[in-house]
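**Q** sequence plus predicted model, see below.
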Amino acid sequence: MNISSHERALLPLIALQGAVGTLAGFIGFFIMRAHDVNALFGFTAGMLTTAIAATFLAYLFGPRLKLTGKRLLKLGFLVPGLLILCGDGSIAVMALAYGSFVGLSWSARHWLEMSLLADAERDGYAAHSGALTVVFGIVTTLVATLLLAGTAEQSRYVYLLYGAICLAGGALLGNRIPETPPVSIRDPLSVIRQPEFIACLPLFFLESGLFGISQALASAGAVKALNSASHFGWVATVAGLAGGVALYFTRKNRGVQNRVHWLGGSCLVVGIAFVLLGASAWIPALYIGYTVLKSAGGPFLAASEQVLNQRTLDIQGSLSDRIFAREFVLWGLRMISLLMFWALATRLSPTHILAVGSTLLALATAMEYVFGKSLFWKNHTSVNAAI
């Protein structure tokens, strides 16, 4: 499967995004070790709100500031890098830093991928980008783990590492990305009112609506099962190798014709992983099994979700409005589910929080396959009819 010039231009910063994304696991572990699950939920809520606020401001002032997709993507690393290096590592600062990273980098990535890639290129690109993000994520996690082991588990050195990576990558990578028009907001409400968009709401909720809960539960399970942040790093590194190797050897097998099969297989593996996460509330060693399966199946599911996300955006309206409308709706779904589960968690013991939350995630993964299969099948039928 050949790599187009547009893919080659995008992949370095996409790989960097995968590397910086591993910071979330360390932040969650540090918060849980020093505080409790309520602090972790608070961080997640702050991070999600910062992400949508950053997306809104970037798209609102995009034309005035001439924020092309390339500039916005680079900004998605420079801003969090500065916040991390200049901040004090507090929960509030890290929520701002990681939230700005998520909001700016992902809104720019969606804009660039939808602008530069055709539908037939999406599956191959998803495999290539997924493999690179796993590799860069593994390397970064390994370096952070070695740093923790050599500095008596001090979080500030890990934060300095990620801050430096953000600044260096944002400044040096992505210069070959083609220029696109600036991002902007025109009429996102017209997108939200479309029947095709409304029909995707269940899929949006199942795929990303529980994102905040899954992040919090993974960190809670890690602290319960592992003794230190460096142990968490070693487990994450070894488990990440499983996903990287599997994705590499199957990188040429993804295509429009087998999207449903890849989605089904990855949902099955990730669903089983969530079952193990819940069971680790009573048998902590099962957390390692969860990490291995999640790392093995996660990249495949992420690749399928990437294609699904792009297909859901193939509707009417300006591209920027479609992207912002989806991100805004996702933020609403994520916050509603997070706040509801947070309220439920106040009535449950830590063990039951992990068990109940993991069960919900496993069921959501199974339902994601059902709705995703329906969307893929509908699109496949439409293409065949057009032919």
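**A** Alright, I've got the coordinates.
**Q** could you list the low-pLDDT ranges of the stretch 151-300 of the chain?
**A** 209, 227-229, 244, 247-258 (pLDDT under 70).
**Q** nope, the stretch 1-150 of the chain is what I was after
**A** For the stretch 1-150 of the chain (pLDDT under 70), the answer is 1-3.
**Q** contacting residues for the residue nearest to Val269 when sequence neighbours are not counted?
**A** Excluding the flanking residues, the one nearest Val269 by Cβ to Cβ, 6 or more residues apart in numbering is Gly297, at 3.0 Å. Every residue, glycine included, has its C-beta placed from N, CA and C. Gly297 sits next to 243, 265-266, 268-270, 273 when contact means Cβ atoms under 8 Å, 6 or more residues apart in numbering.
**Q** restricted to helices, list the residues you listed.
**A** Judged by DSSP state H, the subset of the contacts of Gly297 located in helices is 243, 265-266, 268-270, 273.
**Q** what two of these have the greatest distance between them?
**A** Gly243 and Leu268 (14.9 Å; Cβ to Cβ).
**Q** higher neighbour count, those two?
**A** The neighbour comparison of Gly243 against Leu268 (other Cβ atoms under 10 Å) goes to Gly243, with 27 against 16.
**Q** and the contacts of the host helix or strand of Phe232?
**A** Here Phe232 sits within helix 229-249, counting by DSSP states H and E. Outside helix 229-249, the residues that touch it by Cβ under 8 Å, 6+ apart are 22, 25-26, 29-30, 33, 127, 130-131, 134-135, 137-138, 141-142, 144-145, 148-149, 153, 155, 158, 222, 226, 287-288, 291-292, 294-300, 303.
**Q** the stretch 1-150 of the chain: helices as residue ranges?
**A** Along the stretch 1-150 of the chain, counting by DSSP state H, counting those that start in this stretch, helices occupy 5-21, 23-34, 37-65, 69-86, 91-116, 122-150.
**Q** how about the stretch 201-350 of the chain?
**A** Assigned by DSSP H, counting those that start in this stretch, the stretch 201-350 of the chain shows helices spanning 201-204, 211-225, 229-249, 259-279, 286-312, 319-345, 350-386.
**Q** now those helices as CSV including distance to Ile185?
**A** Below are the helices of the stretch 201-350 of the chain laid out as CSV (distance: least, Cβ to Cβ, whole Å):
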stretch, distance to Ile185
helix 201-204, 19
helix 211-225, 23
helix 229-249, 35
helix 259-279, 31
helix 286-312, 19
helix 319-345, 6
helix 350-386, 26
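**Q** quick one: closest of those helices to Gly76.
**A** In terms of Cβ to Cβ, the element of these nearest to Gly76 is helix 319-345, at 13.3 Å.
**Q** quick one: mean pLDDT for that closest one?
**A** For helix 319-345, the mean pLDDT works out to 90.
**Q** now it against helix 91-116, angle please.
**A** Interaxial angle of helix 319-345 relative to helix 91-116 (axes from the mean of the first three to the mean of the last three Cα atoms, to 10 degrees): 140 degrees.
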